[in-house]
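Asks: Got a predicted structure plus its sequence, pasted below:
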Amino acid sequence: MEDIRTIPSGVDSGLVSRLRHGDQRSLEECYREHGPLVRSYVGRFVRRDDVEDVVQQVFFELWRSRERIDPSRALLGFILGIARNRSIDHLRRQKGVVADVSVIRELVGGDGNDLIDRLTWASEVRSGLDSLGEDQREALELAYFGDFTQKEIADRLGVPIGTVKARMARGMRRLAERIEKGDLI
């Protein structure tokens, strides 16, 4: 699984709008931005020799179905949904090829969308963290991604532990508010 800090924090709504309106350059931009992650995702399920073909199918279908993109949702989630479906289609067409059951389980997950949901959630969290002030973001990143205790964070930042607790509490409260409003992407 990709580290949450490497997941793009969301796509410019202008890109989504241009894509929906048929601007071919926006598809190229989308491919540059999301192609590596899509390639990595598809590569977990299909043979290395077939990855590029499936990725091309994903972006072709993105272009064909661009009117269905919901501008209020993460474009990355939409693209990964297409990638999941094209990967499954590709595996179904493989006659005589034995697929590792653990790979198939990971691809379809409990409800068929587990990995996509996790990646979309990671993108939303990254967007939320990016919207915080530097002090709040730094404290939360050290705690959750660096595995530091509040005391260790206070020592590292040279501030009282109460300050760390307040920054984390304000940051978490602000993230919760943004999640409830649905304005992270």
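Replies: Right, received. Where do you want to start? Since we're looking at a predicted model, the values are computed, not measured.
Asks: How is this protein partitioned into domains?
Replies: As assigned by automatic domain parsing, the chain contains the domains 4-130, 131-185.
Asks: so can I have CSV of the ones you listed showing mean pLDDT?
Replies: Shown next, in CSV, are those (pLDDT from 0 to 100):
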stretch, mean pLDDT
domain 4-130, 78
domain 131-185, 85
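Asks: Could I get those domains in CSV, plus columns for mean neighbour count?
Replies: Heads up, the C-betas are built off the backbone N, CA and C, glycines and all. CSV is the format used below for the domains of the chain (neighbours: other C-beta atoms under 10 Å):
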stretch, mean neighbour count
domain 4-130, 16
domain 131-185, 15
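Asks: how far away is the nearest residue to residue 131 once chain neighbours are set aside from residue 129?
Replies: Distance criterion C-beta to C-beta, 6 or more residues apart in numbering; nearest residue to residue 131, sequence neighbours excluded, is residue 178 at 6.7 Å. Here the criterion is C-beta to C-beta, to the nearest Å. By it, residue 178 lies 10 Å from residue 129.
Asks: and the residue lying closest to residue 150 once chain neighbours are set aside, what element?
Replies: Excluding its sequence neighbours, the residue lying closest to residue 150 (C-beta to C-beta, 6+ apart) is residue 164, at 5.0 Å. Using DSSP states H and E, residue 164 maps to helix 161-181.
Asks: packing partners for that helix?
Replies: For helix 161-181, the elements it packs on are helix 114-130, helix 134-144, helix 150-157, judged by 3 or more C-beta pairs under 8 Å, 6 or more residues apart in numbering; DSSP states H and E.
Asks: now it, how far from the centre of its chain.
Replies: 22 Å (C-alpha atoms, centre = their mean, to the nearest Å).
Asks: Tell me what angle it forms with helix 134-144.
Replies: For helix 161-181 against helix 134-144, the angle by axes from the mean of the first three to the mean of the last three C-alpha atoms, to 10 degrees is 90 degrees.
Asks: what sits up against helix 161-181?
Replies: 124-125, 128-129, 131-133, 135-137, 139-140, 143, 150-151, 153-154, 157, 184 (C-beta atoms under 8 Å, 6 or more residues apart in numbering).
Asks: ok, now with 7 Å
Replies: Residues outside helix 161-181 that contact it (C-beta atoms under 7 Å, 6 or more residues apart in numbering) are 128, 131-132, 135-137, 139-140, 143, 150-151, 153-154, 184.
Asks: With only the CA atoms kept, save that helix in PDB.
Replies: Extracted C-alpha coordinates of helix 161-181, given in PDB (Å, rounded to 0.1, in the frame of the first residue of the first chain):
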ATOM      1  CA  ILE A 161       3.500  19.300  26.100                       C
ATOM      2  CA  GLY A 162       0.300  21.300  26.700                       C
ATOM      3  CA  THR A 163       1.000  23.200  23.400                       C
ATOM      4  CA  VAL A 164       1.400  20.000  21.500                       C
ATOM      5  CA  LYS A 165      -1.900  18.700  23.000                       C
ATOM      6  CA  ALA A 166      -3.700  21.900  22.100                       C
ATOM      7  CA  ARG A 167      -2.300  21.900  18.500                       C
ATOM      8  CA  MET A 168      -3.400  18.300  18.000                       C
ATOM      9  CA  ALA A 169      -6.800  18.800  19.500                       C
ATOM     10  CA  ARG A 170      -7.500  21.900  17.300                       C
ATOM     11  CA  GLY A 171      -6.100  20.100  14.200                       C
ATOM     12  CA  MET A 172      -8.300  17.000  14.800                       C
ATOM     13  CA  ARG A 173     -11.300  19.200  15.400                       C
ATOM     14  CA  ARG A 174     -10.700  21.100  12.200                       C
ATOM     15  CA  LEU A 175     -10.200  17.900  10.200                       C
ATOM     16  CA  ALA A 176     -13.500  16.500  11.700                       C
ATOM     17  CA  GLU A 177     -15.400  19.600  10.700                       C
ATOM     18  CA  ARG A 178     -14.000  19.400   7.100                       C
ATOM     19  CA  ILE A 179     -14.800  15.700   6.900                       C
ATOM     20  CA  GLU A 180     -18.400  16.400   8.100                       C
ATOM     21  CA  LYS A 181     -18.800  19.200   5.500                       C
END
